[in-house]
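**Q** A predicted structure for the sequence below; I have some questions about it.
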Amino acid sequence: MEEVPAAEIARYRALVVSTLPQFVGGNFTTLTDGFDSVALECDGWIFKFPRNAHAEERLRREVTLLQFLKPRITMAVPQIVLHEGPVPFTQHLKLPGSALESAEYAQLDDYRRDALALRMAQLYAELHALPLNRMQQLGAVGVDPWMSPEEIIEGAGPKLPHGYKGFLTKTVAAYRKLSITGSELVYGYFDGHGWNMAFDHETGLLNGVFDFADSGFGSRHRDLSYSNWISADLTLRIIERYEQLARVSVDRHQVMLYSSALRLAELAEGFLPDERGIASVTNWVAELKALGLY
């Protein structure tokens, strides 16, 4: 995404100050410039502004869902308030902590890795136990579908090094067979990667998670796959604890399959420059091999 123009930031700042005069002397900085929203930070508060009608709908839904979820899950999540106006925007206190990257996870000892895994497993178990009809009443919808197998082959095939064509073929063949039936359908987070974590790097503890705009109805195994952006080791630890808490058996290969399909889809879509997209796939294959999962 391109940098947010100074004039746009000034307009958003004016909207905040006109609604909340106590921030008139505050220093506003751009926190994120996402596809859906622009987020500003001031004095420990986060303000999010939707870019379009679709983004506004998602933001309103997130507010409603988090208000319902906050007292029902043990994980700390933002307490969001919606402010109406010419451009509706949300406000919440920033959770203390910062993102958790792969290199930082690699430095954690087993105790901290297990503590993180337990926290995430508990979140998933609690979310997946919520009644689907109740979540639908609150406005939850199906999560966005990923790229079709045909599109993945067409887009990623020509970009992959020759030695990875077999990985593409094997992944797409298994991806075609995936279905969401029976207990596989859950309400979930579907964004549990390190960039949505408020991780305390000093203590090695997870203080909370945020950004539930992508939460909704989808595959249990897909929901468990997003921590692979941090480490497959973390995902395996989460699954082990999740099975005990949720009393559900998880197919580890299927969880990893979702991550394989997503990385190939991002390469096919050109989400990243080709060099980085290819590295994302090849590094993932190496990680799977090291764990004996490929």
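**A** Perfect, I can see it now. Numbers count the residues shown, from 1 in each chain.
**Q** now the chain, which segments are flagged as low pLDDT?
**A** Scanning the chain for pLDDT under 70 picks out 1-2, 32-35.
**Q** which parts of it are strands?
**A** In the chain, strands defined by DSSP state E lie at 29-33, 37-42, 45-50, 81-83, 89-93, 185-188, 197-200, 205-209, 216-219, listed in chain order.
**Q** ok, and what's touching the fifth one?
**A** The one in question is strand 89-93. Contacts with strand 89-93, where a contact means C-beta atoms under 8 Å, 6 or more residues apart in numbering, come from 12, 15-16, 20, 44-50, 59, 62-63, 78-83. Heads up, the C-betas are built off the backbone N, CA and C, glycines and all.
**Q** paired strands for that strand, with orientation please.
**A** strand 45-50 (antiparallel), strand 81-83 (antiparallel) (DSSP bridges).
**Q** closest to residue 124 out of the strands of the chain?
**A** Ranking the strands of the chain by proximity to residue 124 (C-beta to C-beta) places strand 185-188 first, at 6.8 Å.
**Q** elements contacting that closest one?
**A** helix 110-128, helix 132-137, strand 216-219, helix 220-223 (3 or more C-beta pairs under 8 Å, 6 or more residues apart in numbering; DSSP states H and E).
**Q** which strands or helices does the longest one pack on?
**A** For helix 110-128, the helices and strands in contact under the criterion 3+ C-beta pairs under 8 Å, 6+ apart are strand 185-188, strand 205-209, helix 220-223, helix 232-246.
**Q** can you rerun that using 7 Å?
**A** strand 185-188, strand 205-209, helix 232-246 (3 or more C-beta pairs under 7 Å, 6 or more residues apart in numbering; DSSP states H and E).
**Q** the first one pairs with which strands?
**A** Strand partners for strand 185-188, identified by DSSP bridges, are recorded as strand 216-219 (antiparallel).
**Q** got the CA coordinates for the partner strand in CSV?
**A** Output of strand 216-219 as CSV, limited to C-alpha atoms (Å, rounded to 0.1, in the frame of the first residue of the first chain):
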residue,chain,number,x,y,z
GLY,A,216,-16.3,-15.6,10.6
PHE,A,217,-17.5,-19.1,9.5
GLY,A,218,-15.0,-21.5,7.9
SER,A,219,-12.8,-24.5,8.2
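**Q** other residues contacting it?
**A** If you take C-beta atoms under 7 Å, 6 or more residues apart in numbering as the criterion, strand 216-219 is touched by 132, 140-143, 180, 184-185, 187-188, 190.
**Q** make it 10 Å
**A** 58, 61, 65, 132, 135-136, 139-145, 178-181, 184-190, 223, 225, 254-255, 258 (C-beta atoms under 10 Å, 6 or more residues apart in numbering).
**Q** distance between that strand and the chain's centre?
**A** Averaging C-alpha positions (C-alpha atoms, centre = their mean, to the nearest Å) puts strand 216-219 13 Å from its chain's average.
**Q** next: stretch 253-261.
**A** 16 Å.
**Q** what of stretch 132-148?
**A** Worked out by C-alpha atoms, centre = their mean, stretch 132-148 lies 15 Å from the chain centre.
**Q** repeat for stretch 23-30
**A** So, by C-alpha atoms, centre = their mean, the centroid of stretch 23-30 is 27 Å from its chain's centroid.
**Q** so for it, what gets flagged as buried?
**A** Neighbour-count burial for stretch 23-30, counted by 16 or more other C-beta atoms under 10 Å, picks out 23, 26, 28.
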